[in-house]
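1. The sequence isn't on hand, but the structure is:
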Ligand SMILES: Cc1cc2nc3c(=O)[nH]c(=O)nc-3n(C[C@H](O)[C@H](O)[C@H](O)COP(=O)(O)OP(=O)(O)OC[C@H]3O[C@@H](n4cnc5c(N)ncnc54)[C@H](O)[C@@H]3O)c2cc1C
């Protein structure tokens, strides 16, 4: 990325740790508002990420406001028109996804390497400074925030944003990161697209956990496996047999899949995206929450730096952040129960064979357009 920083120790209005969808969106909006903005990102982009790669239709309005909706449509991607729920015994229920209003605003899947890269480049284009391969390792707070990196550089910030994902270093360094209990683990890979796979997402319950599958372009399938540490290798063996994957196939991995939320606003420190709250991957909504919370945080930062009342700006952000999830967390809990006990998930699928209305309503609720 361009926009070279000239003096390491200069003070930024805002430093954002993490250049995923939450951090990039926040950075783009802050830079657009004329704020002196820096993103610190551990990886070098483009990079892949453990994800199902599905973009919920709610993402479109945010992408439009970022001036990126058409550019995302121009990326290699796959249109998704239905979800197949498959029970442990192989029984299947298919639910159509909304085609999108306006047309082209439905659910799609796109590789995170190219999607995240586009977002981070947009932040850069709008004037944010971006430091890749720069890992936050230390944090101190006096009047401002002082950040130290693994490469022994220091930066100062008036406002700090934790956008560094579910294992947030910012939260850990502030002693805010909840300890996950015995948790599940996810594996993910891009494999050759099976012939005639179609424009569908497959959510398949298996004895050991579940698998999510979606085409991401004309030749690749995103394959996710979610299980517990003792059973995950059996899930991988199932996938190797089912999709004829060679045993040397590289897999990306991540844990935990669930943890408690971190308070999203305190002092001049805000958390956004997965760093603030992790949702059940099964529902495929995490990217939307990342984009939208990035936008909301930028609004609060603008007010704080502009000299408006800090406490009310933080309060407003916390209120809007909570509103974003209102009426939706029960679906997450339901999805979590279904995937923690695949037999219950399978029971749902069998019941839906008799009466598909409930599954249709739940799916419509998840993929309905939000703000
Ligand atoms: C198995 C699985 C499937 C999923 N499927 C979907 C799906 O289909 N659709 C969907 O919408 N969501 C899905 N999600 C959720 C989605 O991946 C996340 O919600 C989303 O990535 C959150 O974005 P973010 O920007 O908050 O964090 P991230 O995307 O995790 O980005 C955080 C960034 O911070 C950087 N970072 C971390 N630590 C540091 C540090 N110390 N210093 C500097 N940088 C750092 C990382 O390199 C990373 O680039 C899935 C999740 C899982 C686990």
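-> Arrived safely. Please read these numbers as outputs of a predicted model, since none were measured by experiment.
2. How much space separates residue 303 from residue 312?
-> When C-beta to C-beta, to the nearest Å is applied, the distance between residue 303 and residue 312 equals 8 Å. From N, CA and C alone the C-beta is placed, and that goes for glycine too.
3. Between those two, which is the more surrounded one?
-> Under the neighbour definition other C-beta atoms under 10 Å, residue 303 and residue 312 were set side by side, and residue 303 has more, 18 against 11.
4. Three-state assignment for the more buried one, please.
-> Residue 303 carries the three-state label helix when classified by DSSP: H, G, I helix; E, B strand; the rest coil.
5. That one contacts residue 314, doesn't it?
-> No - counting by C-beta atoms under 8 Å, residue 303 sits too far from residue 314 to count as a contact (9.2 Å).
6. Residues of this protein that sit close to the ligand?
-> Applying C-beta under 6 Å from any ligand atom, we find that the chain lies next to the ligand at 17-23, 40-43, 49-54, 56, 135-136, 163-165, 169, 186, 188, 224, 226, 254, 257, 273-275, 281, 284-288, 290.
7. mind running it again at 5 Å?
-> With the criterion set to C-beta under 5 Å from any ligand atom, the chain comes near the ligand through 18, 20-22, 40-43, 51-52, 54, 135-136, 164-165, 169, 186, 224, 273-274, 281, 284, 286-287, 290.
8. any weak-confidence spans in the stretch 51-200 of the chain?
-> 101, 181 (pLDDT under 70).
9. are any of the residues of the chain next to the ligand buried, and which?
-> Neighbour counting over the residues of the chain next to the ligand (16 or more other C-beta atoms under 10 Å) leaves 18, 20-22, 40-43, 51-52, 54, 135-136, 164-165, 169, 186, 224, 273-274, 281, 284, 286-287, 290 as the buried ones.
10. Which of the residues you listed fall within helices?
-> When those are checked against helices (DSSP state H), the matches are 21, 22, 169, 286, 287, 290.
11. Can you give me every residue that contacts the last one?
-> Read it as residue 290. 20, 21, 22, 25, 163, 272, 273, 274 (C-beta atoms under 8 Å, 6 or more residues apart in numbering).
12. how far away is it from residue 99?
-> Here the criterion is C-beta to C-beta. By it, residue 290 lies 24 Å from residue 99.
13. now do the fifth one
-> Distance of residue 287 to residue 99, given as C-beta to C-beta: 20 Å.
14. The first one too?
-> Using C-beta to C-beta, residue 21 is found at 24 Å from residue 99.
15. same check, this time on residue 341
-> As judged by C-beta to C-beta, residue 341 and residue 99 stand 33 Å apart.
16. And residue 259, by the same measure?
-> From residue 259 over to residue 99 the distance is 35 Å, taken as C-beta to C-beta.
17. and these two? which has more neighbours close in?
-> Set residue 259 next to residue 99 and count neighbours by other C-beta under 10 Å: residue 259 wins out with 19 against 14.
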